[in-house]
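Trainee: below is the sequence, then the predicted model.
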Amino acid sequence: MLHELKIINPATEDVVATVPTTSPEEVDAAVRRAAAAQQTWAAVAPGDRARILRRFADTVDAHTDALAELELQEAGHPLGNARWEAGNVRDLLHYAAGGVERLNGTQIPVAGGLNLTVQEPLGVVAVIAPWNFPMPIAAWGTAPALAAGNAVLLKPAETTPLTALRLAELALAAGLPEGLFQVLPGEGPVTGTALVDHPGVAKVVFTGSTATGRQIAARCAAQTKRLTLELGGKSPNIVFADADVAAAAAAAPGSFLDNTGQDCCARSRILVQRSVYDRFMELLEPAVKAFTVGDPADPATQMGPLISAAQRERVRSYVPEDAPAAIRGEAPAGKGFWYPATVLEGRPEDRTAVEEIFGPVAVVLPFEDEADAVRLANATDYGLSGSLWTRDVGRALRVSRAVAAGNLSVNSHSSVRYWTPFGGFKQSGLGRELGPDALAAFTETKNIFISTELSEESP
Ligand SMILES: NC(=O)c1ccc[n+]([C@@H]2O[C@H](COP(=O)([O-])OP(=O)(O)OC[C@H]3O[C@@H](n4cnc5c(N)ncnc54)[C@H](O)[C@@H]3O)[C@@H](O)[C@H]2O)c1
């Protein structure tokens, strides 16, 4: 077990911090503290719980610049993106606070009495987060779990614990009870496993790779533990001949280059109808090359480095930088884990066309007709997101219904809004986050029947 994590700025390779890891014994102590804090928190009146969460949101807002700078340091995100991420945490906390007073039960008509359902908090929830969007993804689990009356133990990824640790300090400053929201940095197989296996943890929310998600699911199943999984993706971007092809080509680079392609929703399989294929490729090339790569602190930068040397090796194992490519952008030389924007022309059965690369690489494939497009779009084990570009509203609906994925966009690449449900089909996950049902996912429904019949012995 490592005793500390070295946090490296991916743009400079400088060590920016060292962070102690959390041992299994410390995880056990954290679970006990969290369980005690949860009892206090669940007894706080809903309006007061909402007020404290809104204060947490305002505190995050007041520290946007500092949080964005930390995100830049630990993850190499361009400053503008990192500020957006801090704003997403703030907005989600406000949204979750708004749900506290609307976490209603129901009254169901039955004969002979009154039948009620009540939503009870689960207890202690473990949120295990990846490194690609450290702040927002930590908040997607944490905010609704807290709002529903639970305690949260957040394990950030090995490479990106700094923003999470800062968020826990801000939570305390905003008045959340001590121990209610704790951040436990550490290695997945040690700290993560100790959390998943701990009998005092009622639910696990895991975002990360499909392989790790499956291992965690098996361990949770052994304890009938509640579980939400947000896993990998290989999402299609389908361009029909009747679309505004120029608009589709202009929007495509952002859909697989934002966050240096380290995005579970990246549209990394571009499917283009054969009759407009050549035109689309002509328009795509200048758009990819115009995507600005470089210093994350420069406000003009759109794409920073990959997260780590290991991640760059992974991307290279799919596509070495000198492999033939239809389009290749520039990348800075020297220090930093840089990798150029790369577009490949391939075949549907290529590894690069079906596996998640998690780097700035897209594969373009031609298709003949609508049925062919749907068949290609579904020819992957994943089913997280997808886009389609068409002017035909009937086709937009037909194809959206036929593609097996949790989040589809028409003439857009936007999949994630904190107020709409998000999650995957097939190997991309289990359950949904965000949206109006987010709080309910952190509760247990209890049914209570009260008889109104007079018993024989009653006076
Ligand atoms: N669907 C979504 O919402 C979504 C969002 C972002 C990222 N992702 C996916 O996340 C992946 C990238 O993230 P990653 O490389 O950090 O994933 P990862 O699976 O390696 O790690 C994710 C987290 O799990 C922890 N972990 C690793 N092994 C563990 C174990 N045995 N027990 C408990 N915890 C363990 C890690 O320390 C980290 O905190 C990609 O596949 C991406 O598509 C999905």
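Mentor: Okay, I see it. Residues are numbered from 1 along each chain as shown.
Trainee: residue contacts, A82?
Mentor: L67, A68, E69, E71, L72, A75, M135, P296 (Cβ atoms under 8 Å, 6 or more residues apart in numbering). Every residue, glycine included, has its C-beta placed from N, CA and C.
Trainee: no wait, G346
Mentor: G346 makes contact with T352, A353, V363, V364, L365, according to Cβ under 8 Å, 6+ apart.
Trainee: what is the nearest of those to the ligand?
Mentor: Nearest to the ligand among the contacts of G346 is T352, at 15.5 Å by Cβ to the nearest ligand atom.
Trainee: wait, is the closest one part of a helix?
Mentor: Yes. Inclusion of T352 in a helix is indicated when DSSP: H, G, I helix; E, B strand; the rest coil is applied.
Trainee: helix or strand: which one has the residue in the stretch 251-400 of the chain positioned nearest to the ligand?
Mentor: Per Cβ to the nearest ligand atom, the residue of the stretch 251-400 of the chain with the smallest distance to the ligand is C264, at 3.2 Å. According to DSSP states H and E, C264 maps onto no helix or strand at all.
Trainee: leaving out the residues flanking it, which one is nearest to it?
Mentor: Counting by Cβ to Cβ, 6 or more residues apart in numbering, C264 lies nearest to G233, which is 4.6 Å off, once chain neighbours are set aside.
Trainee: helix, strand or coil: sort out the closest residue to V15 other than its chain neighbours for me.
Mentor: Closest residue to V15 in three dimensions, ignoring its sequence neighbours and counting by Cβ to Cβ, 6+ apart: K6, at 5.3 Å. On the three-state scheme (three-state DSSP), K6 is labelled strand.
Trainee: would you confirm that K6 contacts P20?
Mentor: No. With contacts counted by Cβ atoms under 8 Å, K6 stays clear of P20, the gap being 11.6 Å.
Trainee: phi, psi for the spatially most central residue of the chain please.
Mentor: In the chain, the C-alpha nearest the mean C-alpha coordinate belongs to I137, at 4.5 Å (Cα atoms, centre = their mean). For I137, the backbone dihedrals (degrees, to the nearest 10) come out as phi -70, psi -30.
Trainee: and what of W389?
Mentor: Backbone torsions of W389, given as degrees, to the nearest 10, read phi -120, psi 120.
Trainee: roughly how far does it sit from R274?
Mentor: In this view, W389 and R274 are 15 Å apart by Cβ to Cβ, to the nearest Å.
Trainee: and for G47?
Mentor: To R274, G47 is 59 Å away according to Cβ to Cβ.
Trainee: the more surrounded of those two?
Mentor: Neighbour totals were compared for G47 and R274, and R274 leads with 12 against 9 (other Cβ atoms under 10 Å).
Trainee: partners of the residue nearest to that one when sequence neighbours are not counted in the sheet?
Mentor: Once flanking residues are discounted, R274 sits nearest to P366: 4.5 Å by Cβ to Cβ, 6+ apart. Each beta-bridge partner of P366 is listed here, defined by DSSP bridges: V272.
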